[in-house]
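1. all I have is the shape, not the residue letters:
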């Protein structure tokens, strides 16, 4: 899970490689992608260690939109997993990150 956030950070932070720079215009695309499609593709590619697909998805929307989409995906996934496990989202989040339960 932490690898996904590291990859997102690299993709949206200028000068760190693996994504667009702040001044770069988005590459022309065949069709318009929305921020949730970009986030889903980016996170799935990150989980599969597919840098090429991550770079592609990070070019579909602005870095801010991608960050928002990834955050929304994380929230929805956490809620779904918590419901599936019958635990609180806080408990599941801490467990996924390897943090102690308090």
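-> That came through, no problem. Here the structure is a predicted model, which is why all the values come from computation and not from measurement.

2. quick one, longest helix in this protein?
-> Longest helix in the chain by number of residues, with DSSP state H as the criterion: helix 63-85.

3. go through stretch 48-67 and flag the buried ones.
-> Buried positions in stretch 48-67, judged by neighbour count with 16 or more other CB atoms under 10 Å: 54-63, 65-67. Placement of C-beta: from N, CA and C, glycine included.

4. check stretch 91-99 too.
-> For stretch 91-99, the neighbour count (16+ other CB under 10 Å) marks 92-93 as buried.

5. where does the protein dip in pLDDT?
-> Judged against pLDDT under 70, the low-scoring parts of the chain cover residues 1-31, 101-102.

6. can you rerun that using 90?
-> 1-33, 100-102 (pLDDT under 90).

7. returning to what we had before: in JSON lines, list the buried residues of stretch 48-67 along with distance to residue 38.
-> What follows is the buried residues of stretch 48-67, written out as JSON lines (distance: CB to CB, whole Å):
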{"residue": "54", "distance to residue 38": "10"}
{"residue": "55", "distance to residue 38": "12"}
{"residue": "56", "distance to residue 38": "9"}
{"residue": "57", "distance to residue 38": "5"}
{"residue": "58", "distance to residue 38": "7"}
{"residue": "59", "distance to residue 38": "9"}
{"residue": "60", "distance to residue 38": "4"}
{"residue": "61", "distance to residue 38": "5"}
{"residue": "62", "distance to residue 38": "10"}
{"residue": "63", "distance to residue 38": "11"}
{"residue": "65", "distance to residue 38": "7"}
{"residue": "66", "distance to residue 38": "6"}
{"residue": "67", "distance to residue 38": "10"}
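
8. in this structure, which spans are helices?
-> Per DSSP H, the chain carries helices over the ranges 2-12, 35-47, 51-58, 63-85, 89-96.

9. just name whatever secondary elements the last one is in contact with.
-> In this case it means helix 89-96. helix 63-85 (3 or more CB pairs under 8 Å, 6 or more residues apart in numbering; DSSP states H and E).
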